[in-house]
Structures are given as structure tokens and as C-alpha cells.
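In: here is a sequence together with a model predicted from it:
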Amino acid sequence: MATPEEIERRVHESDAARNAKRSATAKRVGELAQRRATIADQLVLQRHLGEWVSASFVVAE
């Protein structure tokens with residue numbers, strides 16, 4: 001039978017591993033969110049550029 005110290009050590013190891021996974025996941029989510037924001041900004045810029053180019057080719061009637 002495991003001693004109370006052994007049980008405490010196992011719980012601590014399990015918690016540490018879980019916390020490491022959670023931290024890594026949170027970091028990755030943050031990185032992806034930042035990347036998404038950058039891409040969204042680029043798409044807005046592309047849309048504005050496309051609108052500007054389209055408007056510059058409109059011939060006044």
C-alpha cells in the first residue's frame with residue numbers, strides 16, 4: 001500500500017504534468033490568436049486596396 005507521502009508525490013507529478021500541458025495549450029492558443037489578428041488586418045488592407053483600385057478604374061459617365 002502506498003504511503004501518504006507517495007500518494008502526495010504522485011498527485012503532485014500528475015498535477016505538474018497537467019499544468020504543463022495546460023500552459024503549453026494556452027501559449028499556443030495565444031500565438032494562434034495573434035496570428036489570426038494579423039491575418040485579419042492584412043485582409044482588411046487587401047479589401048481597401050482592392051476597393052481603391054476598382055474605384056480608380058471607374059469611368060465617369
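Out: Alright, I've got the coordinates. Numbering: from 1, shown residues only.

In: which residues touch stretch 9-28?
Out: Stretch 9-28 is contacted by residues residue 2 when judged by Cβ atoms under 8 Å, 6 or more residues apart in numbering. (Each C-beta comes from the backbone N, C-alpha and C, glycine too.)

In: what do you get for stretch 44-61?
Out: Residues outside stretch 44-61 that contact it (Cβ under 8 Å, 6+ apart): none.

In: relative to the whole chain's centre, how far out is it?
Out: Counting by Cα atoms, centre = their mean, to the nearest Å, stretch 44-61 is centred 32 Å from the centre of its parent chain.

In: let's see it as PDB, backbone CA atoms only.
Out: In PDB, the C-alpha atoms belonging to stretch 44-61 read as follows (Å, rounded to 0.1, in the frame of the first residue of the first chain):
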ATOM      1  CA  VAL A  44      -8.900  44.400 -44.400                       C
ATOM      2  CA  LEU A  45      -5.900  46.100 -46.000                       C
ATOM      3  CA  GLN A  46      -6.300  44.000 -49.100                       C
ATOM      4  CA  ARG A  47     -10.000  44.800 -49.300                       C
ATOM      5  CA  HIS A  48      -9.300  48.500 -49.000                       C
ATOM      6  CA  LEU A  49      -6.600  48.300 -51.700                       C
ATOM      7  CA  GLY A  50      -9.000  46.400 -54.000                       C
ATOM      8  CA  GLU A  51     -11.700  49.000 -53.500                       C
ATOM      9  CA  TRP A  52      -9.300  51.800 -54.200                       C
ATOM     10  CA  VAL A  53      -8.000  50.100 -57.400                       C
ATOM     11  CA  SER A  54     -11.500  49.400 -58.500                       C
ATOM     12  CA  ALA A  55     -12.600  52.900 -57.900                       C
ATOM     13  CA  SER A  56      -9.700  54.300 -59.800                       C
ATOM     14  CA  PHE A  57     -10.800  52.500 -62.900                       C
ATOM     15  CA  VAL A  58     -14.400  53.700 -62.900                       C
ATOM     16  CA  VAL A  59     -15.000  55.900 -65.900                       C
ATOM     17  CA  ALA A  60     -17.200  58.900 -65.200                       C
ATOM     18  CA  GLU A  61     -20.300  59.000 -67.400                       C
END
